[in-house]
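**Student:** A predicted structure for the sequence below; I have some questions about it.
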Amino acid sequence: MREILEKALKNNRHKADYLEIRAEKKEVTDIHFRGPKLEKISCSRQRGGNVRALVKGGWGFISFNQFTDLEEKVQEAIRVASLIGQEESKLVPNLPAVEIVQQELDKDFRQISLSEKKNLMEGYNELIMRFNPLIQSSRVTYNDRFSTVYFANSEGSYLEQEKPFLSANFTAIAREGDNVQLASESVASTKGFALIEQISGKAQKAASRAVNLLKAESVKGGEYTVILDQTLGGVFIHEAFGHLSEADFLYEDERMRELMKLGKKFGSPQLNVVDDGSIPGLLGSARYDDEGVRTRKNYLIKEGILSGRLHSRETAAKMGEEPTGNARALNYRFKPIVRMTNTYIEKGNLSFGELLSGIKEGIYARDCYGGMTSFEQFTFSAGEGFMIREGKIAEPVKDVVLSGNLFTTLLNIEGIGNDLQMIESGGGCGKGGQGPLPVSFGSPHLRIRKVVVGGGR
């Protein structure tokens, strides 16, 4: 592969300011159950690639499934870029890298038969369906893929990176009369099949939560001190804050650039927010991003002060900053754009009991059912909730919907737990039509004052 890619670049490198070719081959398995029925089962092998050319500030992008006439595809990308480009090309310099990155698996899912995978997921589905007579239906999905990504550019980089991924998602749907509730649990990993063989507890937990939600009363709307668990805290920092830190979005929006100005106070000195694609084994991790830039730990908020943002080589050049290793593409059909990797709030020094202490009436919100963001405004629905009374966890409540302004909410974080967890779920992240892209997110328990809570999904 290296010889093929480098030959196509060599013969055309003088015609563009920058060239790169990214190729990919992968094996994919999908299994879906809906209720007692097997809805989908498939295996496939895919291969393809793309060329990106930069000419006078304009990008040309060509994707393909056949590797014949690769030099013509490079020339076509250059022609497209030449039609667009009308200014100086800007890319932050990046030292060429040559490396082959392989992944060790605890159990190689490519060696597990399709029937064995199907039988395992069928067993998990039956656990949900038989858990309680109130369980009306289920949705169970399994996905695995093993990708090898090849990258070469006109600056002399050549990289091969193996990227395994597998996930399982369980949704239980419970019904009692007109009262219908659902609960979901998911896992994902880059480490191998062993995890998937040990998740019967996840299936049972989804079923148990759905049944318990039938008994819960709707929360009374109002303003509360709220404790978020690690999942909901991680979703909050990823969705409400992380996307605003992606420099392609910031560069195009003058108002948000002012709101997200480096050096502004965003929280207490205990608040530290990080995006780190270099942590071994997490879903968003890789040795290099999809522009061949080495991934690293990036502080976005440090000691309460906005201290960084996420970049591609182009956005870093345009904003006079350093690349951060955050140019990522879903697959070979897409160009790299600025994306998060593993985004989390660093741990504080308070125990869960200390976070609860002193709350006369509040809410403990766990997991995440869904939500949306619009610039700095957010709304999230908790997967389950409990009242806090006199510093103790009390009765369950449902329809816990949290909303507010990101910047005000960050300033209102008054307690950070010592129990950071990184969450690896199969949902992934979507942006610019590219999703779900594997990411991890995480947080300790967070105590936040003056959170608006409303009922209803």
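**Tutor:** Yes, it's here. Residues are numbered from 1 along each chain as shown.

**Student:** contacts, neighbours, all on C-alpha from now
**Tutor:** OK.

**Student:** which residues are in contact with the helix or strand residue 378 falls within?
**Tutor:** Following DSSP states H and E, one finds residue 378 within strand 377-389. Under the contact criterion CA atoms under 8 Å, 6 or more residues apart in numbering, strand 377-389 has outside partners 183, 209, 213, 232, 236, 240, 356, 359-373, 393-406, 457.

**Student:** just the buried residues from these, in PyMOL please.
**Tutor:** Only the buried entries of those go into this PyMOL selection, using 16 or more other CA atoms under 10 Å:
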select buried, resi 183+209+213+232+236+240+356+359+361+362+363+364+365+366+367+368+369+371+373+393+394+396+397+398+399+400+401+402+403+404+405+406
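
**Student:** what ranges does the stretch 351-457 of the chain have for its strands?
**Tutor:** 361-374, 377-389, 392-398, 401-405, 413-416, 421-423, 429-431, 434-437, 440-443, 446-454 (DSSP state E, counting those that start in this stretch).

**Student:** now these in CSV, with distance to residue 223 and mean pLDDT?
**Tutor:** Listed next are the strands of the stretch 351-457 of the chain as CSV, based on distance: least, CA to CA, whole Å; pLDDT from 0 to 100:
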stretch, distance to residue 223, mean pLDDT
strand 361-374, 9, 93
strand 377-389, 13, 96
strand 392-398, 15, 96
strand 401-405, 10, 97
strand 413-416, 14, 98
strand 421-423, 27, 97
strand 429-431, 30, 94
strand 434-437, 33, 95
strand 440-443, 23, 97
strand 446-454, 5, 97
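
**Student:** please convert those to TSV, extending it with distance to residue 99.
**Tutor:** Below are the strands of the stretch 351-457 of the chain laid out as TSV (distance: least, CA to CA, whole Å):
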stretch	distance to residue 99
strand 361-374	39
strand 377-389	41
strand 392-398	51
strand 401-405	44
strand 413-416	40
strand 421-423	28
strand 429-431	27
strand 434-437	23
strand 440-443	25
strand 446-454	40
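
**Student:** and those strands: which comes nearest residue 187?
**Tutor:** In terms of CA to CA, the element of those nearest to residue 187 is strand 421-423, at 8.5 Å.

**Student:** mind listing what the closest one pairs with, with the direction of each?
**Tutor:** strand 440-443 (antiparallel) (DSSP bridges).

**Student:** so which residues of the protein form helices?
**Tutor:** For the chain, applying DSSP state H gives helices covering 2-10, 70-84, 114-129, 200-215, 230-236, 247-251, 254-259, 313-319, 352-356, 406-411.

**Student:** show me what the third one is packed against.
**Tutor:** Think helix 114-129. If you count contacts as 3 or more CA pairs under 8 Å, 6 or more residues apart in numbering; DSSP states H and E, helix 114-129 packs onto strand 18-34, strand 135-153, strand 158-176, helix 200-215.

**Student:** for residue 157, what are its contacts?
**Tutor:** Per CA under 8 Å, 6+ apart, neighbours of residue 157: 96, 97, 98, 151, 292.
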